[in-house]
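Student: structure for this input, please:
(2 chains)
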There are 2 protein chains.
Amino acid sequence: MTRKLIVVGGGAAGMSAASAARRTDERLEITVLESGPFPSYGVCGIPYYLSGVVPDAQSLVSYPAEEFRERRRIDLRLESPVASIDLKGRWLTTESGERLDFDGLVLALGARPIVPRVPGIDHPRVVTVRRLEDAIALRACLGDVRHAVVVGAGYVGLEMAESLCESGIQVTVIDRLPRVMSTLDLEIAEIVEQEVRRNAELILSSPLMAVHARGDELTVETAERSLDTDLVVLALGVQPQTGLVSGQAEMTSAGALIVDSQMSTSVEGVFAAGDCVALQHRVLKAPAYVPLGPAANKTGRVAGTVAAGGLASFGGIVGTAIAKVFGLTVAHTGLTLADAKAAGMKAMATDVTAKSRAKYYPGAEPLRVRLVHTAVGQVLGAQIVGRDGAAQRIDIIAAALHGSMTIDDVASLDLAYAPPYSPVYDPITQAAVAAQVAMEKVGAMEKVGAR
Amino acid sequence: MTRKLIVVGGGAAGMSAASAARRTDERLEITVLESGPFPSYGVCGIPYYLSGVVPDAQSLVSYPAEEFRERRRIDLRLESPVASIDLKGRWLTTESGERLDFDGLVLALGARPIVPRVPGIDHPRVVTVRRLEDAIALRACLGDVRHAVVVGAGYVGLEMAESLCESGIQVTVIDRLPRVMSTLDLEIAEIVEQEVRRNAELILSSPLMAVHARGDELTVETAERSLDTDLVVLALGVQPQTGLVSGQAEMTSAGALIVDSQMSTSVEGVFAAGDCVALQHRVLKAPAYVPLGPAANKTGRVAGTVAAGGLASFGGIVGTAIAKVFGLTVAHTGLTLADAKAAGMKAMATDVTAKSRAKYYPGAEPLRVRLVHTAVGQVLGAQIVGRDGAAQRIDIIAAALHGSMTIDDVASLDLAYAPPYSPVYDPITQAAVAAQVAMEKVGAMEKVGAR
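Tutor: Residues are numbered from 1 along each chain as shown, chains lettered A, B, ... in the order given. Here you go, the predicted model:
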């Protein structure tokens, strides 16, 4: 008898799981149930589609449905939302009333945007931009928009602000916190804040209270002031979309499914992947909810392989993330100093500002590098902000975190040098050397204090 | 009595050594003897100075002589060549006839360009471009040059070819080998070769036989043909400039000083750094001669610190190097497949061509990534060539080599993703996943073979 695998969710994680399952077992019966009209697409590309940097929506779609259906022999059902799942009973029902049994299940339920419960939030001009179909509808009406309010000054909010500015729209970004990008340490976030202020209006410490509407004319009410606008974009982060299996499998308090390194949930034969799971954080040594694309793809692949009877495991995350915020590249990996302190670690941060290329070479720009490390030199994380050369430099530290390296290890890395690409002491090396000096000073002070 | 430290050579290694010695011991008497007119400058910047990308020579000089003399209290003597050194007797003589005694010595003798012994090689229009004073003289006469022959198709030769092309000069590159860039595997070098041919004439398998001159008109004779030209630039690599201490300290057969991780030579109290030493190669686990800027600076710092009584050590190299060759970035780290085989390792190479950014994002360009690894997955090296995003990606593998990572480790790295900077599976990840697949196939074939 052929085994039946069902994948709930046809995003990056779900389609990776289904494809990996097919590679692992040619005879498996594989069904994917996706609530929306598109299989796996680049969610992170949506801001660039909205601004027109990416001309058409179809180019965000990884593969056409036929590729999955015909070449990979996956029964991909679009616009097929699931109504209920019985994990232990091994069956589910669709909203259209069908009952499907399964031998194995991959939950690739994804995440949904956080929407604050304030008056007026349901107005059609108050939007989120997580689903491609919503983005297509939004782009069609952007021509009428002169002003937009982006609610939330995290990665996605700032990417959306840039995107709308690119479309010639005046943008106001509001956030309830007194700062932007709370995933970064404040000193680094302030550099980003300056860049946002150069390009858009930014109102901090201003939670969204209500949206009032007269037809298409909106007024956004914050704690401090009112803003007339044509469009409100909510970018308050996401939460795991695990309501369907609530109470049936082990989850974090925030509702993210807990999985092992084979992406197995607490229920036998049920796997989970992507933005609905918490993943092992290699620096925190605990599960963390960091819903990003690369891990969605990788965990999908692992879940599908193992669900189909193959061998695979996921190596964990270190929380690496990057965003383009107007002219700046903003990247971080591992723990911020605030994260480390919150986790009870005795941590310190060392900052340098170094040139991205040889100082005499055209295009050299200052890069701010912050290394977060323990007082005895264990590397815990990094934050890098600049106009040139930040992107893959963060990955050097991501690799260092995977390798549990020390500051001395990072200082000794043999990094590539040529004037068009870096100074002779790379910014990463400079930061590590500065951290060595800073730790010596701390050590000397502690010795003085101990007398 | 104040101790006396002499540093022979005022390049990057020598000035790093002298500066580190001063930081370590405020009272040390430090003398630097430099044969040329400039202290430490960016040798690697010379091609960009010659092309005018870097407008003035002074900007290649790291610090003015006064910085060393006044702020760092280093007796920096320019144009002061050394005539002889007695390492065990602890004294040396200068070409001006002075005798200087020392307690400690740092040999930062540097390297000198290899010049083939062929007829006509001494003509003033046959030049090397290692010394800044030579580059200044050359740039002054480039206006008269319509055609130049670059001898040697390695990194420096190709950088010089680009530099001369930028100045509007027609360039022919010749090499005795049937290929360019013998530091790369042939398959990767061929990509570079195509780029060179798009921009300059390239004649391979053509050793330089002679240069004939009638006034300023030169004819370059190769094994196959004769080339009329105005200028010949020799770029055949460098050799350690250790003649002064020949027979007095342990050296490799090629004349590079052998040092330990404190940069101590075989003679007590005598240290060496920079382009005159062989350094421990972390992948080869043997000394290797890879004379590049970052190691010169770092080893100088270690030598100076230890010579002054401080603690420091050098962590070795993995042979990371990068060059801009016209529109291409060409980078490598660790061992090539050829290197690994020459070292007797059972190695294989996995190649992928991946996009540098999300495929739908403007500026995405193909990156060729080659990972060299053992059949059981130990990473040995990488080569990356492309028009976008090669630079710091090589450093991810350099870090992996420092951490003795496996292909599985690299495949699991949590690398930064956003559409402007990388695809969701970074090219490095794609290469590692392809290597996993390739190793599985090899394993399967070996099982079949064993039946």
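
Student: dihedrals phi and psi, A:E26?
Tutor: Backbone torsions of A:E26, given as degrees, to the nearest 10, read phi -70, psi -30.

Student: secondary structure class for A:A83?
Tutor: Following DSSP: H, G, I helix; E, B strand; the rest coil, the label given to A:A83 is strand.

Student: write out the residues of the stretch 51-200 of chain A neighbouring chain B.
Tutor: Residues of the stretch 51-200 of chain A found near chain B (Cβ under 8 Å from any Cβ of the partner chain) are A:53-54, A:59-60. Any C-beta I mention is one placed from the backbone N, CA and C, and that applies to glycine too.

Student: let's have the residues you listed in TSV, adding neighbour count, pLDDT and secondary structure.
Tutor: Below are those laid out as TSV (neighbours: other Cβ atoms under 10 Å in any protein chain shown; pLDDT from 0 to 100; DSSP: H, G, I helix; E, B strand; the rest coil):
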residue	neighbour count	pLDDT	secondary structure
A:V53	18	96	coil
A:V54	21	96	coil
A:S59	17	94	helix
A:L60	23	96	helix
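
Student: which of those residues lies closest to B:G377?
Tutor: Using Cβ to Cβ, A:L60 comes nearest to B:G377 of these, at 34.1 Å.

Student: contacts only, for that closest one.
Tutor: Contact partners of A:L60, counting by Cβ atoms under 8 Å, 6 or more residues apart in numbering or on different chains, are A:41-42, A:45-46, A:49, A:54, A:132, B:360.

Student: which one of the residues of the stretch 51-200 of chain A next to chain B is nearest to B:D414?
Tutor: In terms of Cβ to Cβ, no member of those lies closer to B:D414 than A:L60, at 22.9 Å.

Student: how near is the closest one to A:R112?
Tutor: 19 Å (Cβ to Cβ, to the nearest Å).

Student: list the buried residues of stretch A:279-289.
Tutor: A:279-284, A:287-289 (16 or more other Cβ atoms under 10 Å in any protein chain shown).

Student: can you put the residues you listed in JSON lines and add pLDDT, secondary structure and distance to A:E224?
Tutor: Converted to JSON lines, the buried residues of stretch A:279-289 look like this (pLDDT from 0 to 100; DSSP: H, G, I helix; E, B strand; the rest coil; distance: Cβ to Cβ, whole Å):
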{"residue": "A:L279", "pLDDT": "98", "secondary structure": "strand", "distance to A:E224": "38"}
{"residue": "A:Q280", "pLDDT": "97", "secondary structure": "strand", "distance to A:E224": "41"}
{"residue": "A:H281", "pLDDT": "98", "secondary structure": "strand", "distance to A:E224": "36"}
{"residue": "A:R282", "pLDDT": "98", "secondary structure": "coil", "distance to A:E224": "41"}
{"residue": "A:V283", "pLDDT": "98", "secondary structure": "coil", "distance to A:E224": "37"}
{"residue": "A:L284", "pLDDT": "96", "secondary structure": "coil", "distance to A:E224": "36"}
{"residue": "A:P287", "pLDDT": "96", "secondary structure": "strand", "distance to A:E224": "37"}
{"residue": "A:A288", "pLDDT": "97", "secondary structure": "strand", "distance to A:E224": "33"}
{"residue": "A:Y289", "pLDDT": "97", "secondary structure": "coil", "distance to A:E224": "31"}
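
Student: spell out which helix or strand contains A:L227, please.
Tutor: Per DSSP states H and E, A:L227 falls inside strand A:226-229.

Student: got the contact list for that strand?
Tutor: So strand A:226-229 is contacted by A:147-149, A:172, A:174, A:203, A:217-220 (Cβ under 8 Å, 6+ apart).

Student: can you tell me which of the buried residues of stretch A:279-289 is nearest chain B?
Tutor: Nearest to chain B, judged by Cβ to the nearest Cβ, of the buried residues of stretch A:279-289 is A:R282 at 7.8 Å.

Student: now the closest one. Nearest residue, chain neighbours left out?
Tutor: A:G316 (4.5 Å; Cβ to Cβ, 6 or more residues apart in numbering or on different chains).

Student: next up, the contacts around the one you found.
Tutor: Contacts for A:G316 were tallied using Cβ under 8 Å, 6+ apart; they are A:261, A:279-282, B:412, B:414.

Student: again with A:S356
Tutor: Residues in contact with A:S356 (Cβ under 8 Å, 6+ apart) are A:363-367, A:386-390, A:422, A:427.

Student: in helices only, show me those.
Tutor: A:P427 (DSSP state H).

Student: neighbours of A:E166, how many?
Tutor: 17 (other Cβ atoms under 10 Å in any protein chain shown).

Student: that one and A:G52 touch, don't they?
Tutor: Yes - using Cβ atoms under 8 Å, A:E166 is in contact with A:G52, at 7.1 Å.

Student: output the helix or strand hosting A:T219 as PDB, restricted to C-alpha atoms.
Tutor: Using DSSP H and E, A:T219 sits in strand A:217-222. C-alpha atoms of strand A:217-222 as PDB (Å, rounded to 0.1, in the frame of the first residue of the first chain):
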ATOM      1  CA  GLU A 217      -9.700  59.300   3.400                       C
ATOM      2  CA  LEU A 218      -8.200  57.900   6.500                       C
ATOM      3  CA  THR A 219      -7.100  59.500   9.700                       C
ATOM      4  CA  VAL A 220      -4.600  57.600  11.800                       C
ATOM      5  CA  GLU A 221      -4.800  58.400  15.500                       C
ATOM      6  CA  THR A 222      -1.700  57.700  17.600                       C
END
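
Student: pLDDT of that strand, averaged?
Tutor: Average pLDDT, strand A:217-222: 96.

Student: excluding sequence neighbours, find me the nearest residue to the residue nearest the centre of chain A.
Tutor: Per Cα atoms, centre = their mean, the C-alpha nearest to the average position across chain A is that of A:L292, at 3.4 Å. Excluding the flanking residues, the one nearest A:L292 by Cβ to Cβ, 6+ apart is A:A321, at 6.1 Å.

Student: pLDDT score for that neighbour?
Tutor: On pLDDT, A:A321 comes in at 98.

Student: could you do A:D144 as well?
Tutor: With respect to pLDDT, A:D144 scores 92.

Student: share the number of residues neighbouring it, please.
Tutor: Residues within reach of A:D144, counting by other Cβ under 10 Å, total 10.

Student: isn't it up against A:G215?
Tutor: No - A:D144 lies out of contact with A:G215 (Cβ under 8 Å); the separation is 11.9 Å.

Student: identify the residues contacting A:V32.
Tutor: A:V32 makes contact with A:6-7, A:9-10, A:14-15, A:18, A:39, A:68, A:74-77, according to Cβ under 8 Å, 6+ apart.

Student: fine by me, thanks again.
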